[in-house]
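K.L.:
Quick one, structure for this:
(chains A, B and C)
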Amino acid sequence: MAHTIEQIATALGAKAEGRLDLTFSRISEPADADKDALALAMAPKYAEDLPKGGARAAVLWEGADWQAMGLEAAIFAPRPRYAMAGLTKVLDPGPEIAAGIHPTAVIDDTAQIGAGAAIGPFVVIGPRARIGENVRLAAHVSVAEDAVLGDDCLLMQGVVVAARVRIGDRFIAHPGACVGADGMSFVTPEKSTVEQVRENLGQTVAVEQSWVRIHSLGSVQIGNDVELGANSAIDKGTIRDTQVGDGTKIDNLVHLAHNVVVGRDCLFAAQVGIAGSTTLGDRVVLGGKVGVSDNVKIGSDVVAGGGTNILSNVPAGRAVMGYPATKMETHIEMYKGLRRLPRLLSQVADLQKAVSKLSEKD
Amino acid sequence: MAHTIEQIATALGAKAEGRLDLTFSRISEPADADKDALALAMAPKYAEDLPKGGARAAVLWEGADWQAMGLEAAIFAPRPRYAMAGLTKVLDPGPEIAAGIHPTAVIDDTAQIGAGAAIGPFVVIGPRARIGENVRLAAHVSVAEDAVLGDDCLLMQGVVVAARVRIGDRFIAHPGACVGADGMSFVTPEKSTVEQVRENLGQTVAVEQSWVRIHSLGSVQIGNDVELGANSAIDKGTIRDTQVGDGTKIDNLVHLAHNVVVGRDCLFAAQVGIAGSTTLGDRVVLGGKVGVSDNVKIGSDVVAGGGTNILSNVPAGRAVMGYPATKMETHIEMYKGLRRLPRLLSQVADLQKAVSKLSEKD
Amino acid sequence: MAHTIEQIATALGAKAEGRLDLTFSRISEPADADKDALALAMAPKYAEDLPKGGARAAVLWEGADWQAMGLEAAIFAPRPRYAMAGLTKVLDPGPEIAAGIHPTAVIDDTAQIGAGAAIGPFVVIGPRARIGENVRLAAHVSVAEDAVLGDDCLLMQGVVVAARVRIGDRFIAHPGACVGADGMSFVTPEKSTVEQVRENLGQTVAVEQSWVRIHSLGSVQIGNDVELGANSAIDKGTIRDTQVGDGTKIDNLVHLAHNVVVGRDCLFAAQVGIAGSTTLGDRVVLGGKVGVSDNVKIGSDVVAGGGTNILSNVPAGRAVMGYPATKMETHIEMYKGLRRLPRLLSQVADLQKAVSKLSEKD
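P.N.:
Here you go, the predicted model:
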């Protein structure tokens, strides 16, 4: 689907100059852009590659001299990455999921499906499930008994929504994501080695005993505008529901354990793992592979660098990194010290000799 | 399904007092409990919230004065978390998988299915697979050729059991879990950079060569009462089988590589990864994101804190943490030192000045 | 299928002696080998176990005295692990996927399927997808619109190939792997806390705002001879394609983010995660759980030990480990220092006392 420069600029709320009637259906990096692609050159260093391609129009930074670049039209983006959101939205064709219900789908008689659904092959919808309007379910999706999906949700191939899960509007889930597996919660008849270690941090004493399962009676509640990455998993709560607030975005292979409560507008990069009963405020950003221990409280606006292991509470607004997590500044000081440590060891050895010599003379 | 206080107490092996005929089908946190929910207040701090809700009965700690709390009945739990196991088991409705074999399931003529099976839509069971009694398979499960499943197993949506895998009784697998993918095992014709680094820990010398696949001829053997989390993967062995012992519980997104041998009653939290040919004893507990190198031996009753990277053998009964893993106590001492390191650097600088001054005078 | 000693030796390009007509269909560890299994004893320590089993023939190291071991035949492997590749390839029966297209598969009229396909139950192939020759697709695989698969590919149960993904020949993907989920890319209207932290490493200032989605217009390009592990995910690029070069092997639960470019013949162990727009050269080996930050450049022939977190560029040929990643040698020196740190603290305290005493006297 082609769009004119004018239409694209309007969609972005941006200014445009030159031939506003030129049409484009693709965007491209400057060197790869042919005459049918709108080039992205939102900083001078990218504009240098424009001559390598054949772009007739580009998205540029404010005040750029597009005519000197040999272009016929330009759109000006004051916040380049933000412009990317608008541009890519306009041009994304979205997944092809045919309108209506595919004849192979197995939908329980007691399930309710809203108007405008597009339900793909081999989808399974269980008893009493309620699906909102304009929901798109790709091949092999399953929605179990009593689950609720809001309007305009998009569930990609093989996504699983388990029993009694409740999800708001505009939820996007990527292939293999699972909402509502049972929480991992076990207990031993006698004190376990884990309980021993919490007390003494030392050696454990073996007790031959097996783990007994604590079942998950709660489910999962997800707000509006949440996104969940490929093969990620959000587990059911034990008594109450595990919760994810409005606008939170979660990447691939992320694990949220039972009873976790996540606020609104958080961002979790890939392979984040949050252990049981931990709560996080709003707008918390966790880099890739961040781990958070169980029963911890993370304040709003906390930012944790990639690979951080958070073992205890973090107050609101703090930037942390490391294992265990500490203030980013403190971590960097400690790390600088560590780099100097081998030299420090020899300096102290020298000092010991010098002091010993002085003491002898003394 | 409602249960009387008497029935619940009997199921828990616990003592009850008051109106033993009151019935409940739900449990709840004290503040959320209405008159139809049994409140959980197994420590005094939780009982404080009872007045916020409308509970008529609660599960309390031993010796609690239930009448003073305005309750009509109480159950007394000597080990609260252990009581949770019994309580939640009684009240868990379990997944709705209709009895019998769904007409869409594709079951090979040579497969054997035990009595009492509940097999959902789009399940695939391959040649010569043998499924025990009372097995429940949710939608989109596949069990490949020659695989064996014991009695009373529950495989949730999309679980994959690969060829020749043998699994005991009462196995539970959550959505997307995969038992029996091929192991990741590759070799180069000439010495690889990895082999170089093992010898010199330093710079590598490039040899242009490709990886050649070592196929997995072994499979996976899993004991009785094992649980496997969502999107976790246990790989086939190369020659012999990868093994998981009775009673071991594994959380979401865990990876067990080829030839790994896990003892009985172990507990692995989410995102644990165990590399090839490593062996673990019984009752080993690994916190979230723990990694274990290949060809390592972990003794029984070892406990590793979340985020630990185990690079070498760990003797039985040791509590470890850190990267690389060390005794928990040692790790904490080292970390305390690290926190004081920036100050230590300036102290040593001061000492150098002082000693240099003393030496000059000397 | 049984093979003679002579056939096996020829397949390995190895020398054999003794009864070259003995036939085997299995290989086994020495202690487990019965008379129908070819024993693997490629180093003297393994040969010690031969008497525990009943092997008639074995694969041995060069120059081994097979007759003294009581064997009737032997194959000599100059590079033992490399011999394993040939041996296991000969003996692997491969997955049973019936030739032809299973009647339950849903294949769009506009899709093209090459000759020799084996397509299992409930497979879905979308509009305009192009599948090469001799491709095997196990149960529940889906290949979306406009995707391209080369010849001789093997996709195991539940693998997802998303729209417009292009994959070369001989690709192997294990259960639940996902190629082409949308990249995780979000931006805020105003400066986000992450952008604040990049500038000041310190405290963040809350701005109440939501994340806006940058759609993925690119897709994924995968070369020839690539392997992808169970439940791994490779995301689409934003404008251009995410790329994986020929011969690269990727284990389970790995995440490759949008715009990542991976060279040829790389090897990534399980749970590796590579953040957006990072590029890696050829033959890069990443141990289990290695994380690489976004927008980083990793040179060819880099080797990173398990658990390493790479936060900045790494030059070609370097062996690294640690968090943050440093040269392996440097890391080990730093770690040795850390082990001695608690003692160092008390040594410095002693020195301070001694110097203070000397200064007083002075």
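K.L.:
Phi and psi next, for the nearest residue to residue A:211 once chain neighbours are set aside.
P.N.:
Leaving out its chain neighbours, the residue that sits closest to residue A:211 by CB to CB, 6 or more residues apart in numbering or on different chains is residue A:186, at 3.8 Å. Bear in mind the C-beta positions are built from the backbone N, C-alpha and C, glycine included. Phi and psi for residue A:186, reported as degrees, to the nearest 10, are phi -130, psi 160.
K.L.:
in a helix, that's where residue A:343 is, yeah?
P.N.:
Yes: counting by DSSP: H, G, I helix; E, B strand; the rest coil, residue A:343 is found in a helix.
K.L.:
What ranges in the stretch 201-350 of chain A fall below the confidence cut-off?
P.N.:
For the stretch 201-350 of chain A, applying pLDDT under 70 flags no range at all.
K.L.:
in it, which spans are helices?
P.N.:
If DSSP state H, counting those that start in this stretch is used as the criterion, the helices of the stretch 201-350 of chain A fall at A:328-361.
K.L.:
Report the contact partners of the nearest residue to residue A:337 once chain neighbours are set aside.
P.N.:
Excluding the flanking residues, the one nearest residue A:337 by CB to CB, 6+ apart is residue B:341, at 3.6 Å. Counting by CB atoms under 8 Å, 6 or more residues apart in numbering or on different chains, residue B:341 touches A:334, A:337-338, A:341, C:341.
K.L.:
end to end, how far does stretch A:122-132 reach?
P.N.:
The stretch stretch A:122-132 measures 19 Å between its terminal residues, going by CA to CA, to the nearest Å.
K.L.:
Tell me the buried residues in that stretch?
P.N.:
By 16 or more other CB atoms under 10 Å in any protein chain shown, the buried positions in stretch A:122-132 come out as A:122-126, A:128-132.
K.L.:
Stretch A:2-12 too?
P.N.:
Of the residues in stretch A:2-12, A:3-9, A:12 count as buried by neighbour count, 16+ other CB under 10 Å.
K.L.:
what does the stretch 101-250 of chain A put close to chain C?
P.N.:
The stretch 101-250 of chain A has residues A:102, A:104, A:120-122, A:138-140, A:156-158, A:172, A:174-176, A:225, A:227, A:229-231, A:247, A:249 near chain C, with proximity defined as CB under 8 Å from any CB of the partner chain.
K.L.:
Going through these, which ones are buried?
P.N.:
Buried members of these, scored by 16+ other CB under 10 Å, are A:102, A:104, A:120-122, A:138-140, A:156-158, A:172, A:174-176, A:225, A:227, A:229-231, A:247, A:249.
K.L.:
Any idea what residue A:76 is bridged to?
P.N.:
Note on residue A:76: beta-bridge partners residue A:15, residue A:60, judged by DSSP bridges.
K.L.:
wait, it sits on residue A:16?
P.N.:
Yes: with contacts counted by CB atoms under 8 Å, residue A:76 reaches residue A:16, the gap being 7.2 Å.
K.L.:
Between the two, which has more neighbouring residues?
P.N.:
Per other CB atoms under 10 Å in any protein chain shown, whichever of residue A:76 and residue A:16 has more neighbours is residue A:16, with 22 against 19.
K.L.:
What residues are bridge-paired with residue A:101?
P.N.:
With DSSP bridges as the rule, residue A:101 is bridged to residue A:119.
K.L.:
Confirm residue A:180 sits in a strand?
P.N.:
Yes: applying three-state DSSP, one finds residue A:180 inside a strand.
K.L.:
Where does the record place the domain boundaries for chain A?
P.N.:
Following automatic domain parsing, one finds the domains of chain A at A:3-91, A:327-361.
K.L.:
Pipe the ones you listed into TSV and attach distance to residue B:277 per row.
P.N.:
As requested, the domains of chain A are exported to TSV (distance: least, CB to CB, whole Å):
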stretch	distance to residue B:277
domain A:3-91	45
domain A:327-361	32
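K.L.:
Comparing these, which stretch has the densest surroundings?
P.N.:
domain A:3-91 (a mean of 18; mean count of other CB atoms under 10 Å in any protein chain shown).
K.L.:
quick one: average confidence on that one?
P.N.:
The average pLDDT for domain A:3-91 rounds to 93.
K.L.:
got the end-to-end distance for it?
P.N.:
8 Å.
K.L.:
Identify the residues contacting residue A:277.
P.N.:
Counting by CB under 8 Å, 6+ apart, residue A:277 touches A:257-260, A:294-295.
K.L.:
try it again with 6 Å
P.N.:
Remark: with contacts taken as CB atoms under 6 Å, 6 or more residues apart in numbering or on different chains, residue A:277 is in contact with A:259, A:294-295.
K.L.:
Repeat that for residue A:2.
P.N.:
Taking CB under 6 Å, 6+ apart, one finds A:23, A:25 in contact with residue A:2.
K.L.:
What lies in contact with stretch A:112-131?
P.N.:
Contacts of stretch A:112-131 (CB under 6 Å, 6+ apart): A:97, A:99, A:101-102, A:104-108, A:110-111, A:132-149, B:121-122, B:139, C:106, C:122, C:124.
K.L.:
er, stretch A:13-24 actually
P.N.:
Contacts with stretch A:13-24, where a contact means CB under 6 Å, 6+ apart, come from A:2, A:4-6, A:9, A:38, A:57, A:72-77.
K.L.:
One more pass at 10 Å, please.
P.N.:
A:1-10, A:33, A:35-39, A:55-57, A:59-60, A:62, A:64, A:66-67, A:71-79, A:82-83, A:86-87, A:90-91 (CB atoms under 10 Å, 6 or more residues apart in numbering or on different chains).
K.L.:
who's in contact with residue A:56?
P.N.:
A:5, A:18-19, A:22, A:24, A:33-39, A:70-73.
K.L.:
mind redoing it with 8 Å?
P.N.:
By CB under 8 Å, 6+ apart, the residues touching residue A:56 are A:22, A:35, A:71-73.
K.L.:
Please flag which of the residues you listed sit within strands.
P.N.:
Among those, the ones falling in strands (DSSP state E) are residue A:73.
K.L.:
which among the contacts of residue A:56 gets closest to chain B?
P.N.:
residue A:35 (39.4 Å; CB to the nearest CB).
K.L.:
Go ahead and confirm the closest one touches residue A:58.
P.N.:
No: using CB under 8 Å, residue A:35 is not in contact with residue A:58, being 12.0 Å away.
K.L.:
tell me the centre residue of chain A?
P.N.:
Centroid-nearest residue in chain A, with CA atoms, centre = their mean: residue A:250, separated by 2.5 Å.
K.L.:
Okay, and the beta partners of that one?
P.N.:
residue A:228, residue A:268.
K.L.:
Identify the residues contacting it.
P.N.:
The contact partners of residue A:250, by CB under 8 Å, 6+ apart, come to A:226-229, A:232, A:244, A:256, A:268, A:272.
K.L.:
I'd like the distance between it and residue A:337.
P.N.:
Going from residue A:250 to residue A:337 by CB to CB, to the nearest Å gives 35 Å.
K.L.:
Return the residues in contact with residue A:75.
P.N.:
Residue A:75 neighbours (CB under 8 Å, 6+ apart): A:5, A:8-9, A:12, A:14-16, A:38, A:57-60, A:83.
K.L.:
swap that for residue A:202, sorry
P.N.:
B:319, B:327-329.
K.L.:
Isn't residue A:299 up against residue A:320?
P.N.:
No: Residue A:299 is beyond contact range of residue A:320, at 10.9 Å (criterion: CB under 8 Å).
K.L.:
Can you tell me the SS state at residue A:197?
P.N.:
Of the three states, residue A:197 takes helix under three-state DSSP.
K.L.:
give me the number of residues near it?
P.N.:
22.
K.L.:
show me what contacts it?
P.N.:
Residue A:197 sits next to A:204, B:303, B:319, B:328 when contact means CB under 8 Å, 6+ apart.
K.L.:
go again using 6 Å as the cut-off
P.N.:
Residues in contact with residue A:197 (CB under 6 Å, 6+ apart) are B:303, B:319.
K.L.:
what's the spacing between it and residue B:321?
P.N.:
From residue A:197 over to residue B:321 (counting by CB to CB), the distance is 10 Å.
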